[in-house]
Each structure stands twice: as structure tokens, then as C-alpha cells.
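Have a look; sequence and predicted model below, questions after that.
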Amino acid sequence: MSSLKCALMGALLILASPLALAEWQLDGDTSRISFVSVKRGKMAEVQRFDQLSGQIDDKGAVRLVVSLASIDSGLALRDERMRNAFFEVERYPDATITSQLDLSLYDDLQVGQSRPETIDFNLDLHGQQRRLKAEVLVSRPSEERIEVTTLEPLVLKLIDFDLEERLAPLKEVANLPSITPEVPVFAVLGFRQVIKQAP
């Protein structure tokens, strides 16, 4: 059998295999993590991160990395303040999300189907780690793609990550009386199946 036929058969076997036998790479172009900041108790602004990477391996180990320097608030000056005065990206360049999933639980998830789930994960942010839960919808739009979307916002308390005190320089430079220290976070994460060549 030719090498081309072997490769094609291997690809078909992987695409037809259950999730537990596959690896999944985050699609950064179609994934987004965003959050809402509230100023003066009534002014809400949406900000997002433009650089995300990560994967789910065939054992269900999840690792996502968020580049904090990729903050996009729509204003270049505010982005710079967020990077330097708030996130302190020179010391803490990334936020990392890790989790462990039982992929066999999703083997019966057919193309076009979705399922609500509660996912436990660890968030490493600004030198602090917290164990959190998220209510998400897991969908399979195609054989080689899965999507995970938050069903409701995950509310982060800045005090848990030593970030509440970092609001002070932001308020001072922007002449703001208040910035709410609880932040709703939303996520849309798309994963594509990774086809590995046999050794």
C-alpha cells in the first residue's frame, strides 16, 4: 500500500475516532476571551484578549495561555495602561488555564449536538492560583471541531488575584471615582482536531 493511501486511511480513522483518542488544538482565530469593566458604577466597557493558544491532549489535559499584553480595549492609551499599570506584563506576561477532562464522556456527542457542562479549572493570574468553576456549552459543529462557550459569565474577584490594589493607578490617571473590582468574563473557544502522522 502506498504511503499516500496509508496517510489517508490514518486520517479517516482519526476523524472517525472518539474524542478520547484525539488531540485538540485551540483555534486562536475563532476563539475569544473578553470581560466587562464597570466605571463610576454605571459605565460598562468590553475588553478582550487577541492572542490565545492552547490544547487538549488525548488524556484530557487542558492548557490554555492568554497573552495579557494582547489586551484590546479599543483605545491604545488604555491598552498601555492596562498592560503596564494593571496586569504588570513584564512580571506576569500570561494567564494560564488548566483543567483535566474525561473525554470519554463526550464520545456520544454527535455532529450538530450540544451539551451543557460544569467544568472545574485552575486559573493562574498575576502570580495567584484559584480553583474555579464555569458553566459552559460544549458543541460539535463538525467531526474535526468542538466548541466551548460560557453559558453565563464567570465573575472574577480581583482581590483573589492581588489585582484590586492595581485599580488605584488606573483610577488616578483616568480621574475616576471607582472601578468595580468584580469582573464578568466570557469565553468562546474553538478546538480543531490534530491529525498526527504515525512514526
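Looks like it came in fine.

alpha carbons only for contacts and neighbour counts from here, please
Fine.

How about residues contacting stretch 164-173?
The contact list for stretch 164-173 (CA atoms under 8 Å, 6 or more residues apart in numbering) reads 81-82, 85-87, 158-159, 176-179, 181.

Over to stretch 53-66?
Contacts of stretch 53-66 (CA under 8 Å, 6+ apart): 19-28, 49, 51-52, 94-103, 191.

Distance from the chain centre to that stretch, please.
10 Å (CA atoms, centre = their mean, to the nearest Å).

cool, and stretch 159-176?
24 Å.

buried sites along it?
161, 163-164, 166-168, 170 (16 or more other CA atoms under 10 Å).

Mind giving me the packing neighbours of the top strand by length along the chain?
Counting by DSSP state E, the longest strand found in the chain is strand 128-142. In terms of contacts (3 or more CA pairs under 8 Å, 6 or more residues apart in numbering; DSSP states H and E), strand 128-142 is packed against strand 114-125, strand 145-150.

Please convert those strands to TSV, extending it with distance to residue 72.
As requested, the helices and strands packed on strand 128-142 are exported to TSV (distance: least, CA to CA, whole Å):
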stretch	distance to residue 72
strand 114-125	18
strand 145-150	20
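
Just name the most buried of those.
strand 145-150 (a mean of 20; mean count of other CA atoms under 10 Å).

got the contact list for residue 124?
95-97, 130.

Which of those residues fall in strands?
Per DSSP E, the subset of the contacts of residue 124 in strands is 95-97, 130.

how about the residues you listed in CSV, adding neighbour count?
Output for the ones in strands among the contacts of residue 124, formatted as CSV (neighbours: other CA atoms under 10 Å):
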residue, neighbour count
95, 20
96, 19
97, 19
130, 12
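
ok, of the contacts of stretch 164-173, which one's closest to residue 39?
residue 179 (4.5 Å; CA to CA).

Tell me the predicted confidence for the closest one.
If you check residue 179, the pLDDT there is 92.

The residue lying closest to it once chain neighbours are set aside and residue 115, how far apart?
Distance criterion CA to CA, 6 or more residues apart in numbering; nearest residue to residue 179, sequence neighbours excluded, is residue 39 at 4.5 Å. Using CA to CA, to the nearest Å, residue 39 is found at 35 Å from residue 115.

and if you look at residue 101?
In terms of CA to CA, residue 101 sits 15 Å off from residue 115.

now residue 100
Distance from residue 100 to residue 115, by CA to CA: 18 Å.

so residue 80 is in which element?
According to DSSP states H and E, residue 80 maps onto helix 76-81.

Would you mind pulling the contact partners of that helix?
Contacts of helix 76-81 (CA under 8 Å, 6+ apart): 71-73, 170.
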